[in-house]
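K.L.:
Here is the input, now give the coordinates:
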Amino acid sequence: MSRDSRRENPQDSGPLTRWVSVDRLPQGRGAVTVEASPAECAALAADFKIPGIRDLVGHFAISGPTSRLTVTGTVEALVTQVCTVSLEPFEAPVREPVEVVFTDTDQLAGTDAEDADIPDPLVGGRLDFGALTAEFLALGLDPYPRKPGIAFEPVVAGDDAGPLAALAKLRDGEG
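P.N.:
Sure thing, here's the model as predicted:
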């Protein structure tokens, strides 16, 4: 689920949701940890079209007022991806840093900044830390995963006999 679709309907839920009312956090600071269940990990893996995800955890620190709330932290997981060279599945750790700024949507209403890519909106004083965890996990995935120890060796065109080599010899009078 993209950020834009969450902005349009914040109540839509993906495979991993953890709504937190930021008004209930201690003023100016707080911490949230998201631990995905095996079922949530399986649903996210299906969404991401990878064989598996396990041990998915997001650790977040929150600071500042709701007019400019900053969320920092890390998202970590062990993912199973398919090697783009050998086509074999393999496990690899993912650790993605998080730093996002949110603002109260009332401040953006009616302004040109409403559709701009600056701070993400807090809708109704709530934030979905599950969706944030899933989003940053997706950002941390290698788009061209390669199993450790596997190297890509490109095919070099040269003197190799191709499927039409015999015909070329006949044409050139060698056969």
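
K.L.:
Got phi/psi on the most centrally placed residue in the chain?
P.N.:
Closest residue to the average C-alpha location of the chain: Ala138 at 1.1 Å, with Cα atoms, centre = their mean. The phi/psi pair for Ala138 (degrees, to the nearest 10) reads phi -60, psi -40.

K.L.:
Excluding chain neighbours, what is closest to it?
P.N.:
Once flanking residues are discounted, Ala138 sits nearest to Phe48: 6.2 Å by Cβ to Cβ, 6 or more residues apart in numbering. For the C-beta atoms, the positions are set from N, CA and C on the backbone; glycine is no exception.

K.L.:
And the one you found, how far from Pro89?
P.N.:
14 Å (Cβ to Cβ, to the nearest Å).

K.L.:
between these two, which one's more packed in?
P.N.:
Phe48 (17 against 14; other Cβ atoms under 10 Å).

K.L.:
Let me see the contact set for the more buried one.
P.N.:
If you count contacts by Cβ atoms under 8 Å, 6 or more residues apart in numbering, Phe48 has them with Leu137, Ala138, Leu141.

K.L.:
So what's the gap between the longest strand along the chain and the chain middle?
P.N.:
The residue-count maximum for a strand in the chain (DSSP state E) belongs to strand 89-104. Mean C-alpha position of strand 89-104 versus that of the full chain (Cα atoms, centre = their mean, to the nearest Å) differs by 7 Å.

K.L.:
okay, it in CSV with CA atoms only?
P.N.:
The C-alpha trace of strand 89-104 is given here as CSV (Å, rounded to 0.1, in the frame of the first residue of the first chain):
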residue,chain,number,x,y,z
PRO,A,89,15.9,-19.0,-2.5
PHE,A,90,18.1,-17.7,0.3
GLU,A,91,17.7,-15.9,3.6
ALA,A,92,19.3,-12.5,4.3
PRO,A,93,18.9,-9.9,7.0
VAL,A,94,17.3,-6.6,6.3
ARG,A,95,18.0,-3.5,8.5
GLU,A,96,16.5,-0.3,7.2
PRO,A,97,16.8,3.1,9.0
VAL,A,98,13.7,5.2,9.5
GLU,A,99,13.3,8.9,9.6
VAL,A,100,10.0,10.5,8.7
VAL,A,101,8.3,13.8,9.7
PHE,A,102,4.6,14.0,10.1
THR,A,103,2.3,17.0,10.6
ASP,A,104,-1.3,17.5,11.6
